[in-house]
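Peer 1: Fold the stuff below for me.
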Amino acid sequence: VQLQASGGGSVQAGGSLRLSCTASGQAFGSGAMAWFRQAPGKEREFVAAGWKGGYRYYADSVKGRFITSRDNSQNTVYLQMNSLKPEDTAVYYCASGKGGTDSRLYDYWGQGTLVTVSS
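Peer 2: You can find the predicted model right below:
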C-alpha cells in the first residue's frame with residue numbers, strides 16, 4: 001500500500017498549483033481520499049476530502065479556492081489550489097481512510113509535498 005504525492009513547488013501569492021496523489025493497493029478504495037497540510041511549527045490540519053461517489057468537503061480556510069477531485073481509473077486524487085496565499089505555505093499530505101477532518105481516521109499517508117507561497 002502506497003500513496004505518492006507530487007506537484008508541490010514555489011509560487012507567488014495569487015498563483016495556482018495542482019497537487020497529485022497516486023495510490024496503489026488498498027489505499028484507493030471506496031473510502032475517502034483527503035488532503036492535510038502542516039505548516040512550520042503548527043499541527044497538521046485538514047484541507048479537503050472527497051469520496052468515490054463525488055461528495056467533497058473543504059476546510060473553511062480553502063473553500064472557494066481549492067478543489068479536490070478523483071480519477072478512479074488512474075487511482076489518483078488531485079488538489080487544485082487557486083488564489084494561493086502565503087498562509088497556504090505548508091507540506092501537503094494526501095491520505096486514505098474513513099473520512100472526516102481528524103487525521104486519526106486515515107490509515108494511509110503519502111510522503112508530503114512542499115508548497116511555498118511568497119508575497
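Peer 1: In this structure Ser83 contacts Gln12, no?
Peer 2: No: in this structure Ser83 lies outside contact range of Gln12 using C-beta atoms under 8 Å: 11.5 Å. Any C-beta I mention is one placed from the backbone N, CA and C, and that applies to glycine too.
Peer 1: Once you drop chain neighbours, what's closest to Ile67?
Peer 2: Nearest residue to Ile67 in three dimensions, chain neighbours excluded: Gln80, at 4.5 Å (C-beta to C-beta, 6 or more residues apart in numbering).
Peer 1: most distant residue from the middle of this structure?
Peer 2: Here the chain has its C-alpha centre computed as a mean, and the residue farthest from that point, by C-alpha atoms, centre = their mean, is Ser119 with 22.1 Å.
Peer 1: Which pLDDT value belongs to that one?
Peer 2: Confidence at Ser119, expressed as pLDDT, is 95.
Peer 1: Identify the residues contacting it.
Peer 2: Going by C-beta atoms under 8 Å, 6 or more residues apart in numbering, Ser119 touches 12-13, 86.
Peer 1: ok, now how distant is it from Glu45?
Peer 2: As defined by C-beta to C-beta, to the nearest Å, Ser119 lies at a distance of 21 Å from Glu45.
Peer 1: do Ser103 as well
Peer 2: 9 Å.
Peer 1: Repeat that for Gly14.
Peer 2: According to C-beta to C-beta, Gly14 and Glu45 sit 22 Å apart.
Peer 1: what about the two, which has more around it?
Peer 2: Using other C-beta atoms under 10 Å, the more surrounded residue of Gly14 and Glu45 is Glu45, with 14 against 11.
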